[in-house]
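Asker: below are the sequence and a predicted model for it; my questions follow.
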Amino acid sequence: MSERDEAVISYSADPQTLMPEQLTGFFVGWPNPPSPETLLRLLQSSYRVSLACDGQKVVGFANAISDGVLSAYIPLLEVLPDYQGRGVGSELMRRLLAELDHLYMVDVMCDDEVAPFYERLGLRRAGGLIQRNYARQSGQE
């Protein structure tokens, strides 16, 4: 059995004690990903967060932004490649959706190939429109 298979994943909803060095390896394939420092700011500024950790290392996260009254949007779900396919993303989303259960609407915008993942968690397909400014993808000022 590999070390990865023996890992015990713990879950948390508190990003306030995280350090940037715990947030590396995310955004695989992004041409201009946010830095760990920017990711930390993003998580600490979110309405709700769900974190998956292997020891002190963050191996996955999902976050929500919200008005806290009627609606929320889940912009990011990220799981490190070595931890994918182990149910980490599903558990992160289940926990985050439970935290948002008091709201009227919770929206996720995703690519077609990952829509079945979200459908398995009870979300339904709907139309949507987006605008992207890829020059700002890293979130840097």
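Answerer: Done, it's in. Numbers count the residues shown, from 1 in each chain.
Asker: ok, the residue nearest the centre of the chain - contacts?
Answerer: The residue lying closest to the centre of the chain (C-alpha atoms, centre = their mean) is Ala62, at 2.1 Å. Contact partners of Ala62, counting by C-beta atoms under 8 Å, 6 or more residues apart in numbering, are Val49, Ser50, Ile74, Leu76, Leu77, Glu78, Gly89, Leu92, Met93, Arg95, Leu96. Yep, even glycine has a C-beta here, placed from its N, CA and C like the rest.
Asker: rounded mean pLDDT for the longest helix along the chain, please.
Answerer: As assigned by DSSP state H, the longest helix anywhere in the chain is helix 88-99. Across helix 88-99, the average pLDDT comes to 98.
Asker: and that helix, how far out from the chain's middle?
Answerer: Here the centre of helix 88-99 is set off from its chain's centre by 9 Å, with C-alpha atoms, centre = their mean, to the nearest Å.
Asker: cool, stretch 35-50 as well?
Answerer: Averaged C-alpha coordinates place stretch 35-50 at 10 Å from its chain's average position (C-alpha atoms, centre = their mean).
Asker: check stretch 95-103 too.
Answerer: 14 Å.
Asker: could you do stretch 68-77 as well?
Answerer: 11 Å.
Asker: hang on, the earlier thing: dump the contacts of Ala62 to a markdown table, plus neighbour count and distance to Glu37.
Answerer: Shown next, in a markdown table, are the contacts of Ala62 (neighbours: other C-beta atoms under 10 Å; distance: C-beta to C-beta, whole Å):
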| residue | neighbour count | distance to Glu37 |
| --- | --- | --- |
| Val49 | 24 | 16 |
| Ser50 | 25 | 21 |
| Ile74 | 25 | 22 |
| Leu76 | 18 | 16 |
| Leu77 | 21 | 20 |
| Glu78 | 22 | 16 |
| Gly89 | 22 | 24 |
| Leu92 | 24 | 22 |
| Met93 | 22 | 25 |
| Arg95 | 19 | 25 |
| Leu96 | 24 | 23 |
